[in-house]
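**Student:** 3D model of this:
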Amino acid sequence: MILLPLLALLAALANPDLESLRTAQQLMDGGRWADAIPVLTKLVDKHPEAPALTYGLGRCYFEVEDYPAAVPSLREAAQRIPASAEVHFFLGSALGLGGNFGEAIRELRAAMDLDPEFEPAYRAFGMFRVERAQYLPDALAALETAVRLDPQDARALYWLGEFHRGLGELTKARPYFDRAYRLDPESPLAQLGVGQVSLNDGDVDQALVHFDAVLKQAPGLAAALLGRARALYYKGQFEQALAPARAAWEDSHEFEERRASGWILVRIYRALGRDAEAQASEKKLKDMETTVAGELVRLRQLSEEAARYEAEGRFDRVAELLEASLKIRERDDSLARLGDAYLKLGRLGDAERCYVRASEIGALTDALQQRLLRVRELTAQHKP
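**Tutor:** Just a heads-up that it's a prediction; the model follows:
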């Protein structure tokens, strides 16, 4: 009932837009989000003073999965209704689903702080962390809190299981996947989780059933394609394994998933006696691994060189080296160090931006909070 408070106000004022508002509310209540968008767009233009309308419009765009369109309206609503955990939750979710994970984490933290009992914010926070392979203590705490607040939330159970699976803790992961599956046996996520642990347990046939169920609903899901390819390979069905292995290689984006896809594809080609294709795939896999390894070596060199200049107090050079490091890979520890260098150089605004960004892609530790407090105190002191 997003628009009810405003509806009551317009009724009290006998406003001529009352009927349009009722229509918008009915459409949203009926799940007809796309139909509500033009109605709300007109109302927002006529009543810019009403943030509930802006929020309603953002929600409609969110529900039709047009996240870039949802963000501006939800951002404005969050600025004008800053105490609403729900608004910050939907803004954070839209940002994350649109690929802006850093800002998403910040908004979801705000939602959790505003309402410590608002379960969806904890689930979304943990989900975005795990999706980015950020297996941090704050992700675990958020997902455990989500499950405590709503033990029937199958999605929260899945992501808590996925957190443990990502760390190789399969014994811990299995109960959460099983509970998610019992609660929602049609959920692709729950099916995927049970399939993955079944495959690791050696129950190949059971795993294959689950992967096939996932792919009926989400044909391009790389993790399910990889699981199906692995299961068929282990069963000795190499021809059938080839198509999902190829698709997993093409569709996967995370390094570990892509490497696993390349690994199984090479072995399938070998098993089929297609040595030329196996060699070509192996070369692609090695090239990818070499690129990542080279990046890691360069990052270590830049970090060590920056440390030498830190010891000498040459923070201009420290900043240059860490800026170069962040162009290769964004890391929270490098951001915090760069913020420290900027602070030493008196670049308070740049320092604060580094600390904020570090808290978005990594944990908001006590040390990082202290840095933020310090730089903000200094900024306030320097204001005229």
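**Student:** chain center to the lengthiest helix in the chain: distance?
**Tutor:** The helix that spans the most residues within the chain, counting by DSSP state H, is helix 275-312. Mean-position distance between helix 275-312 and its chain equals 25 Å (Cα atoms, centre = their mean, to the nearest Å).
**Student:** and if you look at stretch 318-337?
**Tutor:** On Cα atoms, centre = their mean, the centre of stretch 318-337 falls 22 Å from that of its chain.
**Student:** tell me the buried residues in that stretch?
**Tutor:** Judged by neighbour count using 16 or more other Cβ atoms under 10 Å, the buried positions of stretch 318-337 are 318-322, 325-326, 331-332, 334-337. In this view, the C-beta of every residue, glycine as well, is placed from N, C-alpha and C.
**Student:** and what of stretch 363-378?
**Tutor:** Those would be 363-365, 368, 371-372, 375, for stretch 363-378 by 16+ other Cβ under 10 Å.
**Student:** in the helix or strand containing F125, which residues are buried?
**Tutor:** Using DSSP states H and E, F125 falls within helix 119-131. Within helix 119-131, the residues that qualify as buried are 119-130, counting by 16+ other Cβ under 10 Å.
**Student:** one more: stretch 239-256?
**Tutor:** The neighbour-count check on stretch 239-256 (16+ other Cβ under 10 Å) flags 240-242, 244-249, 251-252 as buried.
**Student:** where does this protein dip in pLDDT?
**Tutor:** For the chain, applying pLDDT under 70 flags the ranges 1-16, 384.
**Student:** any idea which residue sits dead centre in it?
**Tutor:** Closest residue to the average C-alpha location of the chain: F128 at 2.5 Å, with Cα atoms, centre = their mean.
**Student:** do I have it right that that residue meets I105?
**Tutor:** Yes - applying Cβ atoms under 8 Å as the test, F128 and I105 come out as touching, 6.5 Å apart.
**Student:** hey, what's in contact with both of these two?
**Tutor:** G96 (Cβ atoms under 8 Å, 6 or more residues apart in numbering).
**Student:** ok, the residue nearest to the centre of the chain to A180 distance?
**Tutor:** F128 sits 18 Å away from A180, going by Cβ to Cβ, to the nearest Å.
**Student:** how far is stretch 193-203 from where the chain is centred?
**Tutor:** Using Cα atoms, centre = their mean, the offset of stretch 193-203 from its chain centre is 24 Å.
**Student:** typo on my end, it should be stretch 337-344
**Tutor:** When C-alpha coordinates are averaged (Cα atoms, centre = their mean), stretch 337-344 and its chain have centres 27 Å apart.
**Student:** same for the helix or strand hosting V214, what does it pack against?
**Tutor:** Using DSSP H and E, V214 maps to helix 204-217. With contacts taken as 3 or more Cβ pairs under 8 Å, 6 or more residues apart in numbering; DSSP states H and E, helix 204-217 sits against helix 188-200, helix 222-234.
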